[in-house]
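1. Coordinates for the following, if possible.
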Amino acid sequence: MAFGRRNEEEIKTEETKIWCCTAEDCKGWVRDNFKSEEDPLCPLCQSEMESSTKVLQVVDNPHPSTK
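-> You can find the predicted model right below:
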């Protein structure tokens, strides 16, 4: 008998396009498919953001305005 083991699905990850804050003291970032503008501002400090990639859990955004 195994304790603490449930029938959990494996977490799927992939390299994902993100936007990172350019401010030195801010760690803000947002997934590309969740951004609200073509060139987004940081939601935490309102600084400019730059495009990057990160290996993240796969999350779909069903909102129609992001497609």
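2. Identify the residue spatially nearest to the residue nearest the centre of the chain, adjacent ones excluded.
-> In the chain, the centroid-proximal residue (CA atoms, centre = their mean) is R31; its distance is 3.2 Å. Counting by CB to CB, 6 or more residues apart in numbering, I18 is the residue found nearest to R31 once chain neighbours are left out, at 5.6 Å. Heads up, the C-betas are built off the backbone N, CA and C, glycines and all.
3. Tell me, please, where in this structure the pLDDT is lower than the cut-off.
-> 1-8, 64-67 (pLDDT under 70).
4. can you map out the helices along it?
-> Taking DSSP state H to define them, one finds no helices in the chain.
5. and the spatially closest residue to T53 that is not a sequence neighbour, bridged to which residues?
-> In space, and not counting its chain neighbours, T53 is closest to E15: 5.2 Å by CB to CB, 6+ apart. Note on E15: beta-bridge partners V55, judged by DSSP bridges.
6. Quick check: bridge partners of the residue lying closest to V30 once chain neighbours are set aside?
-> The shortest distance from V30 to any non-neighbouring residue, by CB to CB, 6+ apart, is to W19 (5.2 Å). Judged by DSSP bridges, the bridge partners of W19 are V30, S51.
7. close enough to count as contact, W19 and K54?
-> No - at 10.4 Å, W19 does not count as touching K54 under the criterion of CB atoms under 8 Å.
8. OK, contacts around the residue nearest to R31?
-> 29-32, 51-54, 56 (CB atoms under 8 Å, 6 or more residues apart in numbering).
9. okay, now the residue nearest to T53: neighbour count?
-> 9 (other CB atoms under 10 Å).
10. Count residues in the vicinity of the closest residue to L44 other than its chain neighbours, would you?
-> In space, not counting the residues next to it along the chain, L44 is nearest to G28; the distance is 4.0 Å by CB to CB, 6+ apart. By other CB under 10 Å, 17 other residues sit near G28.
11. ok so, going back, give me the common contacts of W19 and K54.
-> With CB under 8 Å, 6+ apart as the test, W19 and K54 both reach W29.
12. ok, these two, which is more surrounded?
-> Shown here are W19 and K54; by other CB under 10 Å, W19 has more neighbours (23 against 12).
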